[in-house]
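Trainee: A structural model of the following input is requested.
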Amino acid sequence: MVYKIVTIFTVLLVPLIYRSGRVLKHNVLNLPILPEAYYIGGDYKERCTVVRDETANTINYCEDITFWDHLDEQDRLARRFVLLGCDPNRKAWNTVMGPLRDPEPFAFLWLYSTESGALQPVTLDNYPEGHDFHPLGMEVYPSKAGAPSNLFIVNHARANTTIEQFVLDPTQPTTAVHVRTLTSPYFVSPNSVALTSPTSFYVSNDHLMTRRLPSPFGKTLPVIESLAALPFSWLAHVTISPDGALQHKIVAFGVPFANGVAVSHDGSQVALSATTLGEVYFYDRNQSTNDLKFSHSVPVPFLPDNIMYADDGALIVTGHPHFPSVAAVAANKPGAKAASWTVSIRPISDTTRTKSEKDFVKRAYDLRAPLSASAIAPAVLTHEIETLFQSDGSVFGTSATGLVDTRTGTLYVSGLYEEGMLVCGPK
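Mentor: Now for the predicted structure:
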């Protein structure tokens with residue numbers, strides 16, 4: 001009987017492992033040979049700097065960063081801030097990677113001005129007493145003509161993962177007023193959010209089997225789900241009714257480690273990181289129903305984490321080139337460092353494809369970067385990848401999120417287990 005079970009399990013598992021062969025080879029079993037640092041805009045020593053909280057050292061382990069845009073009455077961008085969600089205690093409390101040792105220390109929000117470079121801490125007003133705060137994915141709706149903005153943050157609290165709703169007011173930008181805590185039995189493993197209105201959003205759930213399961217299952221099953229790239233995770237859409245009730249529906253299922261999610265500026269497309277498969281999924285979106293239809297996928301040269309659409313329509317994807325190195329940093333192993341990589345993904349027009357399809361997908365691309373993305377991720381017919389930043393971890397490591405301000409050409413990168421935020425200026 002045991003032999004039959006093992007045989008069936010092996011037969012089911014082998015095709016999944018084969019599908020993950022590229023990721024296992026390049027991002028798990030082998031360490032990519034990356035430079036100390038490379039920035040597409042010029043010499044990183046001149047163009048890039050790391051901004052920090054020099055006083056209390058709390059701008060650490062910022063898994064997600066997001067733009068907070070202030071629009072005028074004609075919906076033109078007037079001001080832009082970067083909101084940072086930082087958890088210096090992440091090495092003691094991480095419900096995705098582990099451990100689940102100490103949920104007590106409170107995390108931090110910071111606001112960075114893209115104009116002046118000023119950093120200011122954001123205080124949480126009206127936050128429930130005794131409620132943990134461990135931010136992961138977050139997004140804030142743009143402020144229009146001075147109106148307040150809704151902010152949603154995935155919170156990996158000790159009892160269960162919730163989504164916290166706040167209000168940010170441009171007249172008091174350093175105060176986030178707590179509105180409500182969103183909970184649902186469908187919030188199994190929320191990771192990232194992408195807003196579709198001030199009161200609705202897509203939310204990814206990265207695992208079906210989570211670290212919160214009782215021992216020994218919580219320490220083994222999530223690892224198996226990740227390493228085998230089991231397609232057990234999903235993307236859902238949530239709408240908040242005026243009375244606070246949630247309307248929840250699953251819009252994409254069968255994704256290996258659904259992670260970062262983003263909605264294109266015209267609302268027609270949704271992108272989703274399939275982390276353990278090393279790909280980004282693209283979906284066509286029905287803007288009336290928020291239903292999705294799978295369109296295509298694009299392989300990337302790392303394990304993609306968070307993603308965002310830049311103003312010019314390019315998708316900015318950031319992630320981890322070598323997973324064992326990230327695990328080593330998380331475990332505080334002496335001398336450990338983990339690489340960073342941020343790329344842009346742009347559609348290719350039909351007129352660009354001058355060769356046959358067979359030859360076109362064999363082409364080399366991203367040739368300016370010291371380690372070309374094409375050395376790891378095969379070309380596709382639909383999109384082109386270009387490296388914006390890469391580092392072996394010496395200059396900036398464990399990259400999780402990248403933002404590009406196309407007005408100035410500035411790149412912002414945060415690290416899952418890195419201190420500060422990387423800011424790289426234009427050419």
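
Trainee: which non-adjacent residue is nearest residue 253?
Mentor: Nearest in space to residue 253, with sequence neighbours left out and distances taken as C-beta to C-beta, 6 or more residues apart in numbering, is residue 234 at 4.4 Å. Quick note: C-beta positions are derived from backbone N, CA and C, even for glycine.

Trainee: where's the one you found, which helix or strand?
Mentor: strand 233-240 (DSSP states H and E).

Trainee: that strand: what's the following helix or strand?
Mentor: strand 246-255.

Trainee: so what are the sheet partners of that next one and their directions?
Mentor: Here strand 246-255 has these sheet partners by DSSP bridges: strand 233-240 (antiparallel).

Trainee: buried sites along the strand it pairs with?
Mentor: Neighbour counts over strand 233-240 (16 or more other C-beta atoms under 10 Å) mark 233, 234, 235, 236, 237, 238, 240 as buried.

Trainee: let me see the residues that make contact with that strand.
Mentor: The contact list for strand 233-240 (C-beta atoms under 8 Å, 6 or more residues apart in numbering) reads 163, 165, 182, 184, 186, 189, 196-197, 199-208, 246-258, 261, 270, 272, 290, 292.

Trainee: repeat that with 7 Å
Mentor: By C-beta atoms under 7 Å, 6 or more residues apart in numbering, the residues outside strand 233-240 that reach it are 186, 199-208, 246-253, 255-258, 261, 272, 290.

Trainee: which of those count as buried?
Mentor: For the contacts of strand 233-240, buried by 16+ other C-beta under 10 Å: 200-207, 251-252, 255-258, 261, 272, 290.

Trainee: roughly how far does the most centrally placed residue in the chain sit from residue 145?
Mentor: With distances taken as C-alpha atoms, centre = their mean, the residue of the chain nearest its centroid is residue 306 (1.5 Å). Per C-beta to C-beta, to the nearest Å, residue 306 is found 29 Å from residue 145.

Trainee: still on that earlier bit, the strand holding residue 234 - what's its average pLDDT?
Mentor: Taken as a whole, strand 233-240 has a mean pLDDT of 98.

Trainee: and the end-to-end length of stretch 149-167?
Mentor: One end of stretch 149-167 sits 6 Å from the other (C-alpha to C-alpha, to the nearest Å).

Trainee: actually, stretch 19-36.
Mentor: End-to-end distance for stretch 19-36, by C-alpha to C-alpha: 31 Å.

Trainee: residues near residue 38, how many?
Mentor: 20 (other C-beta atoms under 10 Å).

Trainee: residue contacts, it?
Mentor: Neighbouring residues of residue 38 by C-beta under 7 Å, 6+ apart: 44, 369, 370, 389, 390.

Trainee: what do you get if the cut-off is 8 Å, keeping everything else the same?
Mentor: Residue 38 is in contact with 44, 369, 370, 387, 389, 390, 391, counting by C-beta under 8 Å, 6+ apart.

Trainee: model confidence score at it, please.
Mentor: 98.

Trainee: how much space between it and residue 424?
Mentor: Distance from residue 38 to residue 424, by C-beta to C-beta: 10 Å.

Trainee: what do you get for residue 368?
Mentor: 15 Å.

Trainee: these two: who's more crowded?
Mentor: Between residue 368 and residue 424, counted using other C-beta under 10 Å, the more crowded position is residue 424 (25 against 10).

Trainee: state the distance from that one to residue 182.
Mentor: With C-beta to C-beta as the criterion, residue 424 and residue 182 are 35 Å apart.

Trainee: okay, strands next: where are they in the stretch 251-400 of the chain?
Mentor: Remark: strands assigned in the stretch 251-400 of the chain by DSSP state E, counting those that start in this stretch are 258-263, 269-274, 279-285, 292-299, 303-309, 315-320, 340-347, 383-391, 399-405.

Trainee: can you put those in TSV and add distance to residue 137 and mean pLDDT?
Mentor: Below are those laid out as TSV (distance: least, C-beta to C-beta, whole Å; pLDDT from 0 to 100):
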stretch	distance to residue 137	mean pLDDT
strand 258-263	7	98
strand 269-274	11	98
strand 279-285	16	98
strand 292-299	18	98
strand 303-309	7	98
strand 315-320	13	98
strand 340-347	17	98
strand 383-391	21	97
strand 399-405	9	98
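
Trainee: got those as CSV, with distance to residue 363 columns?
Mentor: Shown next, in CSV, are those (distance: least, C-beta to C-beta, whole Å):
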stretch, distance to residue 363
strand 258-263, 27
strand 269-274, 23
strand 279-285, 19
strand 292-299, 14
strand 303-309, 22
strand 315-320, 20
strand 340-347, 15
strand 383-391, 10
strand 399-405, 25
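
Trainee: so which of those strands comes closest to residue 96?
Mentor: Proximity to residue 96 (C-beta to C-beta) singles out strand 258-263 among the strands of the stretch 251-400 of the chain, at 9.2 Å.

Trainee: pairing partners for the closest one, with directions?
Mentor: When DSSP bridges is applied, strand 258-263 pairs with strand 269-274 (antiparallel).

Trainee: contacting residues for residue 344?
Mentor: By C-beta under 8 Å, 6+ apart, the contact set of residue 344 is 310, 314, 315, 316, 317, 385, 386, 388, 404.

Trainee: of all the residues you listed, which comes closest to residue 278?
Mentor: Distance to residue 278 across the contacts of residue 344 (C-beta to C-beta) is lowest for residue 317, with 10.7 Å.

Trainee: gap between the closest one and residue 237?
Mentor: Taking C-beta to C-beta, one finds residue 317 at 22 Å from residue 237.
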